[in-house]
Each structure stands twice: as C-alpha cells, then as structure tokens.
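Chemist: only geometry, no sequence info:
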C-alpha cells in the first residue's frame, strides 16, 4: 500500500459525481462560489488574439508593438470577462429548495426510543457535542443535496472487557465519525460484504519552525484481514502511522462498522444527487442572467458618433470640455455637421429562455417530493404504504434505517443488546397535494414569494417557514430580489423615461 495511486485510487464514477457535488455546493453556498466555479468555464471572448501568434518574421520594433497589442487585447478580454460574471445576479433556487425540503422533514421531530444504557451515547453521539438528532439532521441535509453520506462507529481500543466505572468515562464511550460524500473514496466488496473502504481525512498540522499551520490529506483504510476488522491511518506520504483492531466486548469485529447512507438506498452504490438537476439549471439560469445584463449594458448605452470636417484643434476650441454625451449634453458644431446616437436593438430571446429555465427549476424541485409516476388526480394522490415513495420520503426512511444500524454497532462496543429505535418523519403536507399544487408550492419557495395569505399556513405546516403572516410580509420587503429581473425592452423604456425626466429638470 505504499503506492499512492493504489491507496487513494478512485473510479470514473467518483470523478463524475465529484463534479456534480461541486456544482451543487457552489449553488447552495451562493453567488461568490458560483462565480468561482463558472470562472473556470468557457466565457465570452471579445478579442481575436489566441495567445499563439508568431512574430519572428518582424523586426524588433514591430515585434514589440505586435506583442503589446496582443497583451492589451488579452488584458481587455480578461477585464470584460470579469465584468460579464460580475454583472450577473444569482438567485439561489438550490439553497431555498434544500432548506424548504429539510424543513419539511423536520417539521415534526423524529420518533425515537433510546434504551437507558445508551442515552449517554445518544446525547453526544459524535463525541464533539452532537446528539443523535443533530446527526440525523446532518445526514438528511446532505442526502437532499448530494444523495450520499458515510458514518463509522468507533471506540477507543481495549483488549479486555471494561468495568462499569470505565464504561461511563468519555474516552471509552463509543461514537460516530461522519464523512461527507467527497471523503468516501472507494469501497470494495466480496460475497456481499465490504472488505475494504478508503476514506479521506483532512488534518491540520503545525508547520515546523513557524507559527503557521497547513492542512494535509490523510487516508483511512477500513479492512477485513484474516477475518478481522482493522482500522489503519496513513499520512500524506502514504506511510502507516496508526493501526488498531477495534474490539466489541473484548472480541474483534468480523465486519466493518461503517454505514453508507444514500438517497436511493444505503449501499456504496452512488445515488443520483437529488439537487443536481436543479443546480445545473440554476447555473444555466445564472449564465443567462449574465448574458441578459451584458446585453442590457451594451444595447442600453448608445455610442455617440460625430460627423464633421473640423480639425481636432477646432473641435477642442469650440468644446473645451470635450464631447458631452450626457442627458443634458451640449456640443458646439458647424453647419452641416451631424451627431447621433448608435444603439443596438433589444432582444427578448435571453429573457424568454430564462423564463423557461425558471419553469424547469420549479419542476425539478417538485420531482423530489412527488412519488414516482405521480401524475394522479386529487382522489388518487393519497400515498398508500406500498406505493412508490418520493425521493424525500426515501431519504427519511434511509436515514432512520442507517441510524438504527449505527446503534447496533454502538451497542456491540458497549456489550449490550440493541433495543433502541429511531424514525425520522416521513409524512409531509405535500403527500395530500396534487402535482399542480406542488408545482405552485415550489414556485412560491423558489421565487421567495407567498402570493396569498391563505398559503402562509400551508407553508408553516410543511415546514417551509416558522414566521407568522406579519413576519413574512416584513421579510418579503427586505428580500425583494426577483427571480426574473427586467426584460430588455422594459429596462430600455425605463432608462428612456429616466432620461426624459432628467431633461425636464
């Protein structure tokens, strides 16, 4: 295992999902992260220079001039690209929808029955202050976003059975170590059992001889060797620095106490990230908004063209302040001279496509809470216990099953039988809604708008908000950014109206 390519190897499926997770993360975190991600994507090119032109056939002076021209073109292109991304306004449909769905799951608390001898473990299940509800909320949130999560049951090693006094000590309490999707590198199976799981861990270390710190990537390997579970930790140079053989009640484990959580099923197989379709459309909508505002910027501002036979010194003498292109501009010309404003025509194609993207985002969000194949009438819509579940309901059920499996492992470490149960809420207000009503609900959430007071109570029951009607009204005033923005024609007319008003002052 000294070869890093073997220790940290990942397959093409991991790489493909990593790209999807990065796109989802950027959309969920907001505009700054989206701009950072799209900055590496193809952007508009405003110049013809490709950086590979040859000037060897020119003399020194012409070569210098040509290279300066190319440099200036590339610099201008870079600045215009930065301006292009900066003009865009990102509407976080992914963040709003994720928070909404997470609120729907946790609009009712989990139904749990923790056995007395495991209550202390449940109250600090991660060893860092999280109780079992905190853990479940982190799992459901990640599953809604990315459809994948991992958790390892662990405890300080001991080769004997602990005394009653030792079992109550924090250092001997079993705990759960959590792993985000990108940290789960690979899993190998044999005869239906996991025999080797590779995990990435970020470790912060002091830089020798300085006051600075740096992050290093370590690798944890969980494996079955000789029929016994072994936990190994490798440093960033792939050197083995820690190896333990965890025991349960004095006996070694014969399976890896690791639980995979998924939005489809709780296995190492990759679930399709529930938010990817919405995130992909959300990114495309942002690019369209950049196009729209770039278009508005240039066709909304005309280019002043002057036709005259005056020499430059004559024009400067008659117009000492230069050419005035403002709304109240005054320029002195000779008879027969002409001055006009050249302006691009507006187009509504971009805005129309943005509207179509907004409709796609609404439908992509609605699919997550609709049962599979749920084109039903209102009378048919009620979900029976054996019907196909929505993605959101599967996430609730998978989280419940995974946490109960973790309790099995934790109880083995404690040397007690597991009788605890944990059920995440899987009944949502949308279970009784038609697809049309669900689309309307998602549109309300993604648009940041509650169009009627009658919908406020529905939103509260679904966990979409805890605000009363007055608080909702106040928040909408503060958060008035629209999803669509102005179409070009409206923006142009508004600019003309403001110019006319300024001219009358």
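Modeler: Here it is on my side, so go on. Keep in mind it's a predicted model, so treat the numbers as computed, not measured.
Chemist: do you know how far residue 87 is from residue 93?
Modeler: In this structure, residue 87 lies at 19 Å from residue 93, with Cβ to Cβ, to the nearest Å as the measure. To be clear about C-beta, it is placed using only N, CA and C from the backbone, and glycine gets the same treatment.
Chemist: more neighbours, those two?
Modeler: More neighbours sit around residue 93 than around the other of residue 87 and residue 93, counting by other Cβ atoms under 10 Å; the figures are 28 against 16.
Chemist: from memory the more buried one sits against residue 277, does it?
Modeler: No. Applying Cβ atoms under 8 Å as the test, residue 93 and residue 277 come out as separate, 11.2 Å apart.
Chemist: what's the burial count for residue 252?
Modeler: 14.
Chemist: grab the nearest non-local neighbour of it.
Modeler: Closest residue to residue 252 apart from its sequence neighbours, by Cβ to Cβ, 6 or more residues apart in numbering: residue 228 at 4.6 Å.
Chemist: just the pLDDT at the one you found, thanks.
Modeler: Residue-level confidence at residue 228 comes out at 94, pLDDT.
Chemist: do you know how far it is from residue 246?
Modeler: Spatial separation of residue 228 from residue 246 under the definition Cβ to Cβ is 10 Å.
Chemist: what's the answer for residue 184, then?
Modeler: Noted for residue 184: a distance of 19 Å to residue 246, by Cβ to Cβ.
Chemist: hey, what's the residue nearest to residue 186 when sequence neighbours are not counted bridged with?
Modeler: By the measure of Cβ to Cβ, 6+ apart, the closest residue to residue 186 outside its immediate chain neighbours is residue 198, 4.5 Å from it. When assigned by DSSP bridges, residue 198 has beta-bridge partners residue 186, residue 221.
Chemist: pretty sure residue 198 contacts residue 223?
Modeler: No. Using Cβ under 8 Å, residue 198 is not in contact with residue 223, being 9.2 Å away.
Chemist: ok, back up a step: the more surrounded of residue 184 and residue 246?
Modeler: The neighbour comparison of residue 184 against residue 246 (other Cβ under 10 Å) goes to residue 246, with 24 against 21.
Chemist: contacts only, for the more buried one.
Modeler: The contact partners of residue 246, taken as Cβ atoms under 8 Å, 6 or more residues apart in numbering, are 154, 155, 157, 229, 231, 252, 253, 257, 413.
Chemist: relative to residue 241, how far out is the closest residue to the first one other than its chain neighbours?
Modeler: This points to residue 154. Leaving out its chain neighbours, the residue that sits closest to residue 154 by Cβ to Cβ, 6+ apart is residue 177, at 5.6 Å. Shown here: residue 177 relative to residue 241, a distance of 17 Å by Cβ to Cβ.
Chemist: look at those two and report which has more neighbours.
Modeler: In terms of neighbours (other Cβ under 10 Å), residue 177 is the more surrounded of residue 177 and residue 241; the figures are 16 against 10.
Chemist: give me the element that one is part of.
Modeler: strand 175-179 (DSSP states H and E).
Chemist: before we move on, what about residue 195?
Modeler: In the assignment (DSSP H and E), residue 195 maps to strand 193-206.
Chemist: buried stuff in that strand?
Modeler: Taking 16 or more other Cβ atoms under 10 Å as the basis for neighbour counts, the residues of strand 193-206 that come out buried are 194, 195, 197, 198, 199, 200.
Chemist: same for it, what does it pack against?
Modeler: With contacts defined as 3 or more Cβ pairs under 8 Å, 6 or more residues apart in numbering; DSSP states H and E, strand 193-206 has these neighbours: strand 184-190, strand 213-225.
Chemist: these into JSON lines, with extra columns for mean pLDDT?
Modeler: JSON lines is the format used below for these (pLDDT from 0 to 100):
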{"stretch": "strand 184-190", "mean pLDDT": "94"}
{"stretch": "strand 213-225", "mean pLDDT": "93"}
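Chemist: just want the phi and psi numbers for residue 282.
Modeler: Torsion angles at residue 282 (phi, psi; degrees, to the nearest 10) stand at phi -60, psi -40.
Chemist: surely it meets residue 27?
Modeler: Yes. Under the criterion of Cβ under 8 Å, residue 282 is in contact with residue 27, at a separation of 4.9 Å.
Chemist: now for the two: what residues contact both?
Modeler: 92, 93, 94.
Chemist: which among these gets closest to residue 101?
Modeler: For those, the closest approach to residue 101 (Cβ to Cβ) belongs to residue 94, at 10.7 Å.
Chemist: contacting residues around that closest one?
Modeler: When contacts are counted by Cβ under 8 Å, 6+ apart, residue 94 touches 24, 27, 28, 145, 275, 278, 279, 282.
Chemist: can you pull out the strands in this structure?
Modeler: Applying DSSP state E to the chain gives strands spanning 111-113, 148-154, 175-179, 184-190, 193-206, 213-225, 228-234, 240-244, 247-248, 251-252, 258-262, 303-307, 338-342, 421-423.
Chemist: nearest to residue 10, of those?
Modeler: strand 184-190 (5.3 Å).
Chemist: what angle do strand 193-206 and that closest one make with each other?
Modeler: Taking axes from the mean of the first three to the mean of the last three Cα atoms, to 10 degrees, one finds strand 184-190 and strand 193-206 inclined to each other by 160 degrees.
Chemist: buried set for strand 184-190?
Modeler: Residues of strand 184-190 classed as buried under the neighbour-count rule (16+ other Cβ under 10 Å) are 184, 185, 186, 187.
Chemist: how close does the first one sit to residue 335?
Modeler: When distance is defined by Cβ to Cβ, residue 184 is 79 Å away from residue 335.
Chemist: report the separation between the residue found closest to residue 398 once you drop the neighbours it is linked to in the chain and residue 196.
Modeler: Take residue 398 and drop its neighbours on the chain: the residue closest to it by Cβ to Cβ, 6+ apart is residue 266, 5.2 Å away. Distance of residue 266 to residue 196, given as Cβ to Cβ: 18 Å.
Chemist: same check, this time on residue 202
Modeler: According to Cβ to Cβ, residue 202 and residue 196 sit 21 Å apart.
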